[in-house]
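Peer 1: Build me a structure from this.
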Amino acid sequence: DAGNSSHNYSTYGTYTVEQVIYNYTTGCEDSTTQTFHISQTIAGFALSNDSVCVGSPLTLTSNSTSTHPFGTFSYDMGNGGSTSGLPASYTYSTPGAYNITLTATNNVGCSGTSVFNGLDALARPIAAITPSATTGCAPITVNYTNSSTSTGNGVPLASFLWTFPNSTTQTTTNAGVPTSYTFNTQGNFTTTLVTTDQFGCVSNPATANMVITKPTAAFTLDSVVCDEEVFTAVNGSAGGTSYQWLLDGQNVSVSTDYTS
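Peer 2: Numbers count the residues shown, from 1 in each chain. Here you go, the predicted structure:
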């Protein structure tokens, strides 16, 4: 009778079963062995925070247990993305609430799952500034209105970092108070604002450009003009938008060149 056999195992582990068969007619025998595993895997993990800013990495650390060594740790991040490793890292690009699932698999193929519900990926605030002027002559003081906003997270704005053209910085905490800067030289300049909310999410920089110019007056005229001769003063000025000619202090023309 070939029959079957059963046995109750009380502990997890790896076991080898051997079968020996005999042929009493011929006196021959044979044997074979099989190895099998009784394994248990319990998945579990912890997050570096239960909320994270969009664009900032989230760290996931497994605290799973198993009766056999682990092989892989795979995280479904709830947005169609995934990551793996020990520890693992992931960065959300879109704000929202996500359920994260860990599948921990040991080296004999047994796996377990663990779920974290409601990870909040917070949108970054939006920095915005409006200058009182974008062009002018030096020296000129420009007032900047801070129009930064939060983005529906319910997280208030906390601080505002201004970077001015001379590389100096200023941190303010009240969006309603204008910030000013005085330009003293000619050129093209950029003022930058970065906004941070109370959770620590940081905006992309907002910029405002300023063009500071100073017109240069110049003209050419023959050094000798004969009596009753018509002469022309040729305008060689730079950076001007309007021109006024005066002869002995009297206004004679508003044209580009002066002819008499």
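Peer 1: Report pLDDT for Ala2.
Peer 2: Per-residue confidence (pLDDT) for Ala2: 61.
Peer 1: Endpoint to endpoint, stretch 52-70 covers what distance?
Peer 2: This stretch, stretch 52-70, spans 28 Å end to end (Cα to Cα, to the nearest Å).
Peer 1: actually stretch 78-98, not the one I wrote
Peer 2: 5 Å.
Peer 1: which residue packs closest to Val52, ignoring adjacent ones?
Peer 2: Leu58 (4.5 Å; Cβ to Cβ, 6 or more residues apart in numbering). Glycine gets a C-beta too; all of them are placed from N, C-alpha and C.
Peer 1: count of neighbours near that neighbour?
Peer 2: The number of residues packed near Leu58 is 23, by other Cβ atoms under 10 Å.
Peer 1: Might you report the residue contacts of it?
Peer 2: When contacts are counted by Cβ atoms under 8 Å, 6 or more residues apart in numbering, Leu58 touches Leu47, Ser48, Asn49, Val52, Ser89, Tyr90, Thr91, Tyr92, Leu119.
Peer 1: Return the distance of the residue most central in space within the chain relative to Asn8.
Peer 2: Against the mean C-alpha coordinate of the chain, by Cα atoms, centre = their mean, the closest residue is Gly55 at 4.0 Å. Look at Gly55 and Asn8: by Cβ to Cβ, to the nearest Å, they are 55 Å apart.
Peer 1: Could you do Thr185 as well?
Peer 2: Distance from Thr185 to Asn8, by Cβ to Cβ: 90 Å.
Peer 1: More neighbours: which of the two?
Peer 2: A side-by-side neighbour count of Thr185 and Asn8, using other Cβ under 10 Å, places Thr185 first with 11 against 4.
Peer 1: Compute the number of surrounding residues for the residue lying closest to that one once chain neighbours are set aside.
Peer 2: Once flanking residues are discounted, Thr185 sits nearest to Ala138: 5.7 Å by Cβ to Cβ, 6+ apart. Counted with other Cβ under 10 Å, residues neighbouring Ala138 total 13.
Peer 1: repeat for the one 5 residues further on
Peer 2: Residues within reach of Asn143, counting by other Cβ under 10 Å, total 12.
Peer 1: if we can go back for a sec, Leu122 is in contact with the residue nearest to the centre of the chain, correct?
Peer 2: No: judged on Cβ atoms under 8 Å, Gly55 makes no contact with Leu122 at a distance of 10.0 Å.
Peer 1: Quick one: neighbours of Phe160, just the number.
Peer 2: By other Cβ under 10 Å, 24 other residues sit near Phe160.
Peer 1: which element is it on?
Peer 2: strand 157-163 (DSSP states H and E).
Peer 1: any idea of the mean pLDDT for that strand?
Peer 2: For strand 157-163, the per-residue pLDDT averages 96.
Peer 1: least trustworthy helix or strand in this protein by mean pLDDT?
Peer 2: Here the helix or strand of the chain ranked lowest by mean pLDDT, DSSP states H and E is strand 258-259, holding a mean of 72.
Peer 1: In strands only, show me the contacts of Leu58.
Peer 2: Applying DSSP state E to those, the entries found in strands are Leu47, Val52, Ser89, Tyr90, Thr91, Leu119.
Peer 1: how about the first one, what does it touch?
Peer 2: When you say that, I think you mean Leu47. Shown in contact with Leu47 (Cβ under 8 Å, 6+ apart): Leu58, Thr59, Leu60, Thr61, Ile100, Phe116, Leu119.
Peer 1: Widest-spaced pair of those?
Peer 2: Greatest spatial distance in the contacts of Leu47: Thr61 and Leu119, 14.1 Å, computed using Cβ to Cβ.
Peer 1: between these two, who's got more neighbours?
Peer 2: Counted by other Cβ under 10 Å, Thr61 and Leu119 do not tie: Leu119 has more neighbours, with 22 against 13.
Peer 1: With that, I have no additional questions.
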